[in-house]
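# Next input, structure requested:
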Amino acid sequence: MVPPLALFDAVKDLPLEIDSYELEQLEYVVSPEFTRVTTLVHLRGGGEEGIGEDVTYTGTDHPPPADLPLAGSHALDSFSELLERLTLFTEEPQMKASRDYRRWAFESAALDLALRQAGRSLAQAVGREPRPVTFVSSRRLVDPQSADQLRPWLEMYPTLRFKLDPVSSWDDELVAELAATGAIDSVDLKGQYEGTVVDQPPDPALYRRVIEALLDAWIEDPKVTDETRPILEPHAARITWDAPIHSVEDIESVPWPPRTINIKPSRFGSVRRLFDAYDYCAEKGIEPYGGGQWELGPGRGQIQYLASLFHPDGANDVAPGGYNAREPKPGLPTSPLEPAPALTGFRWAA
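Purely as a prediction, here's the structure:
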């Protein structure tokens, strides 16, 4: 039996002509304490343009340099190798994950440009049909925390599903109210973050409370300690991972074999590492789901596109941007999201 081709083989030899690139900064005021900043990378060549989005969270790290030696004739794979050698992608940033976030901006722009220059779409290149994408709305309850914060959304969008971030102040009453909504698909325990504003130290009481009350929810990114392991292990089949996952090797190193895993393209940095992860999940029977990074521009459409090709039915944290708002507004697209790939490139048309 002839083994299937690796997914990256479908795109690695795409010719890529780059004449120049330009950077465009985007900003969105989330709260008085947090302004989201991203940078669009516009690669241009052969009368076409490819776009990627740098989702680095440290605002002072935007924009990336505008004088990288990218011009010339490449293949997608050799362009990736060029990026691998550049100081921007080898030096240790303030936030380690930022290196992959920035790398993904240039790699996704290159994939988009190479496909557009070839007159092909990503779906055509990988031989997959885009499908409707189920998604969840990722929310962090604000003080005073209450399930009432979800009800306006459910009144306007009754079939909406949520991914929530539990914190130690959640008591039995709040968790019971959240469970009663029947709308919680996953909870992100944030146990794998350090030195961020969303750190949540491992809290055995919180873990037990959430796991036992939200019996149908995926449990993402717990911190496994001597105190939490006995609580987590009986529910290992529900545990999934996000922040530590940047490669196939990371998937292989999680404490329990996963049934599902959060694949955020920007965490993988390169197209090759991302596509290798899709291949690995298919081989091992792991059902991935997608995740976003507060993309403000076309990067959000790109993660929706990938979800439509590789994991359309998961609890994809790729909701349209309107779901990031504090209060619901009518007219937002509902789940499942209809596929909207552009005729060419790595683009979501909408």
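# On the three-state scheme, residue 304 is what?
Following DSSP: H, G, I helix; E, B strand; the rest coil, we place residue 304 in the helix state.
# how about low-confidence regions in the stretch 151-300 of the chain?
195-197 (pLDDT under 70).
# Helices of the stretch 101-250 of the chain, start to end?
122-126, 151-156, 172-181, 204-213, 229-232, 248-252 (DSSP state H, counting those that start in this stretch).
# Any chance of CSV for the ones you listed, columns mean neighbour count and distance to residue 302?
Every residue, glycine included, has its C-beta placed from N, CA and C. Below are these laid out as CSV (neighbours: other CB atoms under 10 Å; distance: least, CB to CB, whole Å):
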stretch, mean neighbour count, distance to residue 302
helix 122-126, 18, 9
helix 151-156, 14, 25
helix 172-181, 16, 31
helix 204-213, 18, 32
helix 229-232, 18, 33
helix 248-252, 16, 21
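# Tabulate those helices (a markdown table), appending distance to residue 269.
Compiled in a markdown table, these are given as follows (distance: least, CB to CB, whole Å):
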| stretch | distance to residue 269 |
| --- | --- |
| helix 122-126 | 18 |
| helix 151-156 | 33 |
| helix 172-181 | 35 |
| helix 204-213 | 31 |
| helix 229-232 | 29 |
| helix 248-252 | 12 |
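# Any idea which of these gets closest to residue 47?
helix 122-126 (19.7 Å; CB to CB).
# what sits against residue 306?
Listed by CB atoms under 8 Å, 6 or more residues apart in numbering, the contact set of residue 306 reads 265, 290.
# And it, how close does it get to residue 317?
Distance, residue 306 to residue 317, by CB to CB, to the nearest Å: 13 Å.
# Kindly report the same for residue 200.
Counting by CB to CB - residue 200 and residue 317 are separated by 17 Å.
# got it, and residue 139?
Residue 139 is 11 Å from residue 317, by CB to CB.
# go on, residue 280?
20 Å.
# now swap in residue 49 and tell me
28 Å.
# If you count surrounding residues, which of residue 200 and residue 317 has more?
Set residue 200 next to residue 317 and count neighbours by other CB atoms under 10 Å: residue 317 wins out with 25 against 20.
# Near residue 23, how many other residues are there?
Count around residue 23 with other CB under 10 Å applied: 15.
# OK, contacts around it?
Here residue 23 is in contact with 39-42, 63-64, 66 (criterion: CB under 8 Å, 6+ apart).
# List phi and psi for it.
The phi/psi pair for residue 23 (degrees, to the nearest 10) reads phi -110, psi 140.
# Local confidence estimate at it?
We note a pLDDT of 98 for residue 23 in this prediction.
# Can you report how many residues lie near the nearest residue to it once chain neighbours are set aside?
Nearest residue to residue 23 in three dimensions, chain neighbours excluded: residue 63, at 4.4 Å (CB to CB, 6 or more residues apart in numbering). Residues contacting residue 63 under the criterion other CB under 10 Å number 16.
# do the same with the one 5 residues further on
Taking other CB under 10 Å as the neighbour definition, residue 68 ends up with a count of 16.
# same deal with residue 35?
Neighbours around residue 35, by other CB under 10 Å: 11.
# Quick check: it touching residue 27?
Yes - if you go by CB atoms under 8 Å, residue 35 and residue 27 touch, sitting 5.8 Å apart.
# Residue 64: what's it in contact with?
Counting by CB under 8 Å, 6+ apart, residue 64 has contacts 23, 39, 41, 54, 88, 102, 105.
# and what of residue 179?
Here residue 179 is in contact with 213-214 (CB under 8 Å, 6+ apart).
# please redo it, this time with the cut-off set to 10 Å
147, 210, 212-217 (CB atoms under 10 Å, 6 or more residues apart in numbering).
# in the stretch 251-350 of the chain, which spans are strands?
All strands of the stretch 251-350 of the chain, identified by DSSP state E, counting those that start in this stretch, fall at 260-263, 287-290.
# Between the two ends of stretch 240-253, how far is it?
Start and end residues of stretch 240-253 are separated by 12 Å (CA to CA, to the nearest Å).
# So the spatially closest residue to residue 321 that is not a sequence neighbour versus residue 122, what's the distance?
Leaving out its chain neighbours, the residue that sits closest to residue 321 by CB to CB, 6+ apart is residue 300, at 6.1 Å. From residue 300 across to residue 122, the span is 16 Å (CB to CB).
# Among the contacts of residue 64, find the one with the greatest number of neighbours, please.
residue 54 leads these on contacts (other CB under 10 Å) with 30 neighbours.
# shouldn't that residue be in contact with residue 98?
Yes - Residue 54 is within contact range of residue 98, at 8.8 Å (criterion: CB atoms under 10 Å).
# so what sits against both of those two?
Common neighbours of residue 54 and residue 98 (CB under 10 Å, 6+ apart) are 61, 64, 266.
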